[in-house]
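# how would this look folded up:
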Amino acid sequence: DVGIPDWVVPYVTGVYARGLMVGTSATTFEPDSTTSRGMIVKILYNLEDQPEAGGTYFSDVPLNQFYTEAAAWAAENGIVAGYGDGRFGPDDPVTREQIVMILMRYAAYRGIDVASRADLYAFTDFSLVSADAMDATSWAYAEGLLNGKGNGILDPKGQATRAEVAAILSRFCQLCEDGDEQDE
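Numbers count the residues shown, from 1 in each chain. Reported below is the predicted structural model:
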């Protein structure tokens, strides 16, 4: 992409090399585009080498979509719970707090210690973090997965761009590797 920010390049390169994210075409990544909830579960499902999964758990996850089995696997393993009304919202843009909630549950599924917490009071918008996302956001900040956007802004309700997701996933993969090394 023309004008892709320098800070994004190592993260995009990393997630692309791991096969976690691909370009939106042969020559573009579209770092400022949003990432859907279906894409996030598909990425994690791919990290697990696409294990067998049951049928759909959500009323809005039709059969034969790229994310169908991924959403079922993530629901079966407690990684996602949907919106609580039987819907998952696979095409909805994932927010910054949603992605860290999903990643924290995935980390726990992988046996990675998720006890770390950090104070979020340094962010002027910390009060916008949902009550059910506070632990995951605090954990993600403590682990360096989620950083602010500058000027003391965390933007927990903001839609996660592909660049942000690439950065968060790259940092998460490092956390997983560090966790695996500690197990040896």
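# so where is the chain shaky, pLDDT-wise?
Scanning the chain for pLDDT under 70 picks out the ranges 1-3, 179-184.
# quick check, central residue of it?
I99 (3.7 Å; C-alpha atoms, centre = their mean).
# what residues are up against that one?
Listed by C-beta atoms under 8 Å, 6 or more residues apart in numbering, the contact partners of I99 are T35, I40, A160, V165, I168. Bear in mind the C-beta positions are built from the backbone N, C-alpha and C, glycine included.
# what's the local residue count around P62?
P62: 11 surrounding residues under other C-beta atoms under 10 Å.
# wait, it sits on A71?
No. Counting by C-beta atoms under 8 Å, P62 does not reach A71; the two are 10.3 Å apart.
# which neighbours do these two have in common?
Common contacts of P62 and A71, defined by C-beta under 8 Å, 6+ apart, comprise T56.
# wait, doesn't E69 sit right on E48?
No. Here E69 lies out of contact with E48, judged by C-beta under 8 Å, at a distance of 11.1 Å.
# out of the two, which sits in the busier spot?
Comparing E69 with E48 by other C-beta under 10 Å, the one with more neighbours is E69, at 22 against 16.
# do you know how far that one is from I79?
Computed as C-beta to C-beta, to the nearest Å, the E69 to I79 distance reads 13 Å.
# I153 too?
With distances taken as C-beta to C-beta, I153 is found 28 Å from I79.
# mind listing what's buried in the longest helix belonging to the chain?
The longest helix of the chain (DSSP state H) is helix 162-183. Neighbour-count burial for helix 162-183 flags 162-172, 175-176 (criterion: 16 or more other C-beta atoms under 10 Å).
# what of stretch 36-50?
For stretch 36-50, a neighbour-count test (16+ other C-beta under 10 Å) marks S36, R37, G38, M39, I40, V41, K42, I43, L44, Y45, L47, E48 as buried.
# same check on stretch 118-134?
Neighbour-count burial for stretch 118-134 flags L120, F123, D125, F126, V129, A133, M134 (criterion: 16+ other C-beta under 10 Å).
# just the C-alpha atoms of stretch 17-34, please, in PDB.
Taking Å, rounded to 0.1, in the frame of the first residue of the first chain, the C-alpha atoms of stretch 17-34 are listed here in PDB:
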ATOM      1  CA  ALA A  17       4.700 -14.700   7.300                       C
ATOM      2  CA  ARG A  18       2.700 -16.700   9.900                       C
ATOM      3  CA  GLY A  19      -0.300 -17.000   7.600                       C
ATOM      4  CA  LEU A  20      -2.500 -15.200  10.100                       C
ATOM      5  CA  MET A  21      -3.500 -12.400   7.800                       C
ATOM      6  CA  VAL A  22      -3.300 -11.900   4.100                       C
ATOM      7  CA  GLY A  23      -3.600  -8.900   1.900                       C
ATOM      8  CA  THR A  24      -6.900  -7.600   0.600                       C
ATOM      9  CA  SER A  25      -5.400  -8.100  -2.900                       C
ATOM     10  CA  ALA A  26      -2.100  -9.200  -4.300                       C
ATOM     11  CA  THR A  27      -0.600  -5.700  -3.700                       C
ATOM     12  CA  THR A  28      -2.600  -4.200  -0.800                       C
ATOM     13  CA  PHE A  29      -3.100  -4.700   2.900                       C
ATOM     14  CA  GLU A  30      -5.400  -1.800   3.600                       C
ATOM     15  CA  PRO A  31      -4.100  -1.100   7.100                       C
ATOM     16  CA  ASP A  32      -6.900   1.400   7.900                       C
ATOM     17  CA  SER A  33      -9.700  -1.000   7.000                       C
ATOM     18  CA  THR A  34     -11.600  -2.600   9.900                       C
END
